[in-house]
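Participant: turn this into a model:
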Amino acid sequence: MKLPFIEAGEIVTTHGVRGEVKLLTWLDAPEDLLGVKRCRIGGVDYKMESVRVQKTCNLIKLSGVDTMEDAQKLRGKTLEVYREDLDPNTIFAAELIGMEVFADGRNIGKLTEVLDYPGNAVYVVEGQEEYLIPAVKAFVLSTDLEQNRMEVRLLEGMGSHEN
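Facilitator: Below is the predicted model:
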């Protein structure tokens with residue numbers, strides 16, 4: 001299901017003396033935050049005055065955070081962005097958790113975890129059996145966030161009962 005907020009990363013430190021924070025992004029790339037103008041931290045809304053990329057992180061200037069001391073108070077906190085401000089065609093792992101998964105028209109369980117591996121992600125589906133399904137087009141036939149439903153193709157060996 002589409003979430004109202006997506007966890008974008010953790011504020012790991014301050015940057016400079018004017019209140020910028022350094023965000024270790026949890027999105028696919030730090031460039032995904034470029035152009036985003038607002039966020040939430042600890043349930044408090046902030047305007048993002050500037051966002052820039054520094055290697056694998058983002059440097060962010062938030063409105064009302066104007067000193068190093070202000071920025072230091074945010075260290076270790078999770079920065080969330082509004083889902084509606086992100087690409088509507090992108091599906092985030094957090095939105096898949098709890099999704100009903102079907103194979104050949106039958107419900108095989110709920111997606112409980114997304115394992116992130118270098119080649120591709122793997123979906124853990126738990127029902128009467130546990131299934132490990134590679135997150136690639138050959139096996140994930142469709143994903144419908146509105147209906148909270150995923151259609152997959154299973155091959156021998158994907159289920160825990162087959163080992």
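Participant: run the chain-centre distance for the helix or strand of the chain with the lowest mean pLDDT.
Facilitator: Among the secondary structure pieces of the chain, namely its helices and strands, helix 93-96 has the lowest mean (mean pLDDT, DSSP states H and E), a mean of 93. When distances are taken as CA atoms, centre = their mean, to the nearest Å, helix 93-96 is centred 7 Å away from the chain's centroid.
Participant: for it, list the C-alpha coordinates in CSV.
Facilitator: As requested, C-alpha coordinates have been extracted for helix 93-96 and formatted as CSV (Å, rounded to 0.1, in the frame of the first residue of the first chain):
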residue,chain,number,x,y,z
ALA,A,93,10.4,-1.6,-0.3
ALA,A,94,8.5,-0.3,2.7
GLU,A,95,5.3,-0.2,0.6
LEU,A,96,5.6,-3.9,-0.2
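Participant: got the buried residues for it?
Facilitator: Within helix 93-96, the residues that count as buried by 16 or more other CB atoms under 10 Å are 93, 95-96. All C-beta atoms are positioned from the backbone trio N, CA, C, and that covers glycine.
Participant: just stretch 35-48 next, same as before
Facilitator: Using 16+ other CB under 10 Å as the test for burial, stretch 35-48 gives 36, 39-41, 46, 48.
Participant: residues in contact with that stretch?
Facilitator: By CB atoms under 8 Å, 6 or more residues apart in numbering, the list of residues contacting stretch 35-48 from outside reads 5, 8, 11, 51, 60-65, 74, 77-82, 85-86.
Participant: what about this structure, any weak spots by pLDDT?
Facilitator: 161-163 (pLDDT under 70).
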